[in-house]
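J.: got a predicted model here, sequence first, then my questions.
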Amino acid sequence: LGNYDEAISEVQGEESTPDLAAVKAFAEYSKDPWDSEETVQAVEQLVQQEPDNLNVQLLCGSVLANAGRKDEALALLSRHQGSLDAVALIVQIYLQQNRTDLAAREAKSARGFAQDSLLVNLAESWVGLRE
């Protein structure tokens, strides 16, 4: 909704919780992506501390991908344990890189653990539009 300052103030002082630290970093990056080097460094530290936390993976992966560090984002997101949200983000990144082969493979692997998922159908549709 663009209420970045409100989101940041809500989690202020709660940065010891990795999930809320990721929310704050995502809101700070979204508020001003052009002045984000400090935020990206905070994201990198958070990723090193909590690489297996799904919320850290998703939010920090989004920040890294938008900051142009797509390989780092993919490495982080590949640690997911059956998360359709992570699969959707991975597919988007691969499509941004014009790697439809890898995007198709990721969507196909998700079909194995989430056969009837609408999100898997959507990811396959994204790939189909690019082929």
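T.: Ah, there it is. Numbering: from 1, shown residues only.
J.: make it CA atoms for all contacts and neighbour counts henceforth
T.: Fine.
J.: in stretch 77-84, which residues are buried?
T.: The neighbour-count check on stretch 77-84 (16 or more other CA atoms under 10 Å) flags L77, S78, H80, S83, L84 as buried.
J.: so which of those residues belong to strands?
T.: Using DSSP state E, no member of the buried residues of stretch 77-84 falls in strands.
J.: return the subset of those lying in helices.
T.: Members of the buried residues of stretch 77-84 lying in helices (criterion: DSSP state H): L77, L84.
J.: can the buried residues of stretch 77-84 go into JSON lines with extra columns for pLDDT and distance to E14?
T.: Listed next are those as JSON lines, based on pLDDT from 0 to 100; distance: CA to CA, whole Å:
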{"residue": "L77", "pLDDT": "96", "distance to E14": "24"}
{"residue": "S78", "pLDDT": "94", "distance to E14": "27"}
{"residue": "H80", "pLDDT": "91", "distance to E14": "24"}
{"residue": "S83", "pLDDT": "91", "distance to E14": "25"}
{"residue": "L84", "pLDDT": "92", "distance to E14": "27"}
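J.: make CSV out of the buried residues of stretch 77-84 and add distance to R99.
T.: What follows is the buried residues of stretch 77-84, written out as CSV (distance: CA to CA, whole Å):
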residue, distance to R99
L77, 16
S78, 16
H80, 20
S83, 21
L84, 19
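J.: by contact count, what packs against the least confident helix or strand in the chain by mean pLDDT?
T.: When the helices and strands of the chain are scored by mean pLDDT, DSSP states H and E, helix 118-130 comes last with a mean of 88. When contacts are defined as 3 or more CA pairs under 8 Å, 6 or more residues apart in numbering; DSSP states H and E, helix 118-130 sits against helix 84-96, helix 100-113.
J.: identify each buried residue in the last one, please.
T.: This points to helix 100-113. T100, L102, A103, A104, E106, A107, K108, A110, R111.
J.: and which of these is nearest to A88?
T.: Closest approach to A88 among these (CA to CA): A107, at 8.0 Å.
J.: look up how far S83 lies from that closest one.
T.: 12 Å (CA to CA, to the nearest Å).
J.: related to what we said a few turns ago, mind listing what's buried in the least confident helix or strand of the chain?
T.: Neighbour counts over helix 118-130 (16+ other CA under 10 Å) mark L119, V120, N121, A123, E124, W126, V127 as buried.
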